[in-house]
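# Pasting a predicted model and its sequence here:
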Amino acid sequence: MGQQVGSALAESMHRVMVKLVSFLPGLLALLIGIVVLTALGALLAVAIRRILLAARFDERFGRTQSATVADIAPAHSPTLLISRVAFWACVVLGVVIGISAFDASYPGGTEITTILIPYLTHSIGAVFILLIGTVLARFLSRSVLIGAVNLQMQYARFLSLGVKWLVLVLTAAMVLDHLEIGGSIVALAFGILFGGIVLTLSLAIGLGSRDLVSRSLEKNVDPAADRPRFDDIPPPATKSRESLRHF
Amino acid sequence: MATATTLAETTHQPGSSPSGLLVVLTPLPPEALEHTISNLAAAFEGIPLQVASPDPLPPVVSESPEFHAFTYTPAAPTPGGWLLTAADFLNSYKLLQEHGAQCCLLLGPEAQSIAPGALSSLGAAVLSGSADLAVPRYSLGPRDGLVNSAILYPATRAIFGTRARYPLAIDLGLSRKMAERLASAAQKFTAAGQNAGLLWPVSDAAVAGMSIVQVEFGSRALPPPDSMDLNTILAQVAGSLFADVESKAAFWQRARLTSSAKPAAFSEEEISRPELPDIQPMLESFRLAYSNLHEIWSLVLPPNSLLGLKKLSQMPPASFRMPDALWARIVYDFILAYRLRTINRGHLMGALTPLYLAWVASHLRLSSGTGQDGPAAESHIEAMAAVFEADKPYLVSRWRWPDRFNP
């Protein structure tokens, strides 16, 4: 009995070791592909930057173009934009070559090829979604915060946080769905969380602007409300503010 | 008797030397156009004058044989905004070339409100050849043109070394050379399809080493902005100025204030102390922003400025005053952040609005009847512009070495 257990364990270990040994060359190829292409990209970026700086590309470009490409370039420099694009293009190429090499090191139909390769590509997609979602959440939350503050909304920060978490929750759900983790639980949890945030925001805004809505309704229902009331008459101060000319 | 003619009829013969004055008008309603033309005829009596308007002219425009008015079709479609745009500068130069005028006047919207005397002074400045660019100095009340007083004037004066009190392009007198330079600058915008792009003729003239003259213009009905939303207009105008500062960095880092320029005398309206308007909503807006936008401001402003803003947020309305040095630093730091793209440019300009409102509140309190201890509006603006000039080394230093620590 003990001999059989020992033999089963030894065989299992042997199988795992064989798989691990056959797995390593592919992994090494993947890493080498990424590292080599990244190094190549860095070299290429440096070379491009030096050449373009020597050729005074930014100045020449600025003379012919007004604000189109230069506007989206980091630090307003088309040279930096081109060199960074070249670098990241090499990194992406390295990842693609690495995955292809990893895939090629296994015959089709093996467990690793059918499970790990799609999962690896999905993971890269998930990382992209996470990055975009995080950037978008920050951008939208700042937009809402600044816009709400300039509209003098007292609950500006709350609104901005709500928008930020809406986008982050949506991103998290998309990432988990992309990685096929959690299945229907993620969709359910996302629905509850998203709905909860929207309901909270609606309640907050609704309660915050209760007076405004009730005044508006009163005006529509009761024609007498059209007559000026003491609390409807703007104070003289408002009038004097309107007399300011900013331009 | 001169009547309306078409563009082809008045085309300049090549070879003949340019002479006379060309006045280019922006779209005006018929009555306003008639009034403007009669003002022009009165202002330039006996001087060869051509008036170009994009609108159909009234049947009889002037009895003078020296006066010639015609309708033109804009080469670049004009968006018809409240300021002169890139398309206006391009069209003017083309007209100047075609009609062989020596210099030109560009009159913005609401031109009917300009007095003949003011038109005559503006025209004389460029006709005499003493100036390449003539800019008007409008008599504004203490509550008018506040963005101009807070940002545009002091920043332009300190950075480009010119004393033009109203750098926004509404009415201008241009020599042929200056018109050509502005047209080439405008072409960059129109080529990119941005016909409504704003140009800054004062900084362009300073960079090109052209002479600038400021002409007392008296009062004029300033055209209202396209949008009534302060955030939008402030972002558009201040953003355009910041972009202009960025594009001319090579020049202004070594520019000094022109010694020949002398400050203009203040009008009665400018030295008067009006009653203090209600500044409470502006203060509330600033305080709300301080509690919410602190995180965003901390990305743009150094700790010293943030400390200044903290003190300001705790000041009672009766003694609310934003120090000029603090405001100058804020504007410079926003220019730097615009250049470095520290945060999204739309967000940056949005974050400037509450700070600007705090400045307005402080300025109004200082220049009102209650602020007897402080200077009147115009004196305060001049003093503040001097602070901007004194603090320019900070901008230059941080422009060159942005990562250096600045308390």
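Thanks, I have it.

# Specify the local secondary structure of residue B:106.
strand (DSSP: H, G, I helix; E, B strand; the rest coil).

# ok, now residue B:215?
Classified using three-state DSSP, residue B:215 is strand.

# burial measure for it, as a count.
Neighbour count of residue B:215, defined by other CB atoms under 10 Å in any protein chain shown: 22. All C-beta atoms are positioned from the backbone trio N, CA, C, and that covers glycine.

# Let's see the pLDDT reported for it.
The model reports residue B:215 with a pLDDT of 89.

# That one pairs with what?
On the basis of DSSP bridges, residue B:215 is bridged to residue B:136.

# ok, it touching residue B:120?
No - using CB atoms under 8 Å, residue B:215 is not in contact with residue B:120; the gap is 9.7 Å.

# In three-state terms, how would the one residue in the stretch 251-400 of chain B that gets nearest to chain A be classified?
Residue of the stretch 251-400 of chain B nearest chain A, by CB to the nearest CB: residue B:278 (2.7 Å). Judged by three-state DSSP, the three-state class of residue B:278 is coil.

# and the helix or strand where residue A:206 lies, how far out from the chain's middle?
Secondary structure from DSSP states H and E places residue A:206 in helix A:184-208. Centroid displacement of helix A:184-208 relative to its chain, using CA atoms, centre = their mean, to the nearest Å, is 20 Å.

# Tell me which residues touch the closest residue to residue B:134 other than its chain neighbours, please.
Spatial nearest neighbour of residue B:134, chain neighbours left out: residue B:173 (3.2 Å); criterion: CB to CB, 6 or more residues apart in numbering or on different chains. Residues in contact with residue B:173, defined by CB atoms under 8 Å, 6 or more residues apart in numbering or on different chains, are B:103-106, B:122-123, B:125-126, B:131, B:133-135, B:215.

# which helix is the longest one in the chain?
No chain was given, so I picked chain A. helix A:2-54 (DSSP state H).

# sorry, should have said chain B
Per DSSP H, chain B has its longest helix at helix B:345-367.

# Packing partners of that one?
helix A:111-150, helix B:146-147, helix B:230-247, helix B:280-300, helix B:324-340, helix B:377-390 (3 or more CB pairs under 8 Å, 6 or more residues apart in numbering or on different chains; DSSP states H and E).

# which stretch among the ones you listed comes nearest residue A:13?
With CB to CB as the criterion, residue A:13 lies closest to helix A:111-150 of these, at 17.4 Å.

# Next, the buried residues of that closest one.
A:112-113, A:116-117, A:120, A:126, A:129-130, A:133, A:137, A:139, A:141-150 (16 or more other CB atoms under 10 Å in any protein chain shown).

# Against chain B, which of the residues you listed make the cut? List them.
Restricting the buried residues of helix A:111-150 to those touching chain B (CB under 8 Å from any CB of the partner chain) yields A:139, A:142-143, A:145-150.

# Quick one: these as CSV, columns for pLDDT too.
Below are those laid out as CSV (pLDDT from 0 to 100):
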residue, pLDDT
A:139, 93
A:142, 94
A:143, 94
A:145, 95
A:146, 94
A:147, 93
A:148, 92
A:149, 93
A:150, 91
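
# Walk me through the domains of chain A.
A:1-105, A:109-226 (automatic domain parsing).

# As JSON lines, those with distance to residue B:143 would be great.
As requested, the domains of chain A are exported to JSON lines (distance: least, CB to CB, whole Å):
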{"stretch": "domain A:1-105", "distance to residue B:143": "34"}
{"stretch": "domain A:109-226", "distance to residue B:143": "21"}
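
# Of all those domains, which one is nearest residue B:34?
Among the domains of chain A, if distance is taken as CB to CB, the winner is domain A:1-105, at 37.4 Å.

# got the residues of the stretch 251-400 of chain B near chain A?
B:275, B:277-278, B:280-282, B:284-285, B:288-289, B:291-293, B:296, B:339-341, B:343-344, B:346-347, B:350-351, B:353-354, B:360, B:364.

# Mean confidence (pLDDT) on stretch B:101-113, please.
89.

# Tell me who's in contact with the residue nearest to residue B:131 when sequence neighbours are not counted.
Leaving aside its sequence neighbours, residue B:131 sits nearest to residue B:213 (CB to CB, 6+ apart; 3.7 Å). Contact analysis of residue B:213 by CB under 8 Å, 6+ apart lists B:125, B:130-131, B:133-135.

# Could you report the separation of residue B:213 from chain A?
23 Å (CB to the nearest CB, to the nearest Å).

# Under the pLDDT cut-off, which ranges of chain A? List them.
A:62-76, A:106-115, A:208-213, A:215-242 (pLDDT under 70).

# Next, the buried residues of stretch B:341-353.
B:342-343, B:345-353.

# follow-up on the earlier one: buried only: go through the contacts of residue B:213 for me.
Of the contacts of residue B:213, these count as buried by 16+ other CB under 10 Å: B:125, B:131, B:133-135.

# Tell me the one among those nearest to residue A:159.
Nearest to residue A:159 among the buried ones among the contacts of residue B:213, with distances taken as CB to CB, is residue B:135, at 43.7 Å.

# Helix or strand: which one has residue 92?
No chain was given, so I picked chain A. Using DSSP H and E, residue A:92 falls in helix A:78-104.

# actually chain B
Counting by DSSP H and E, residue B:92 is part of helix B:86-99.
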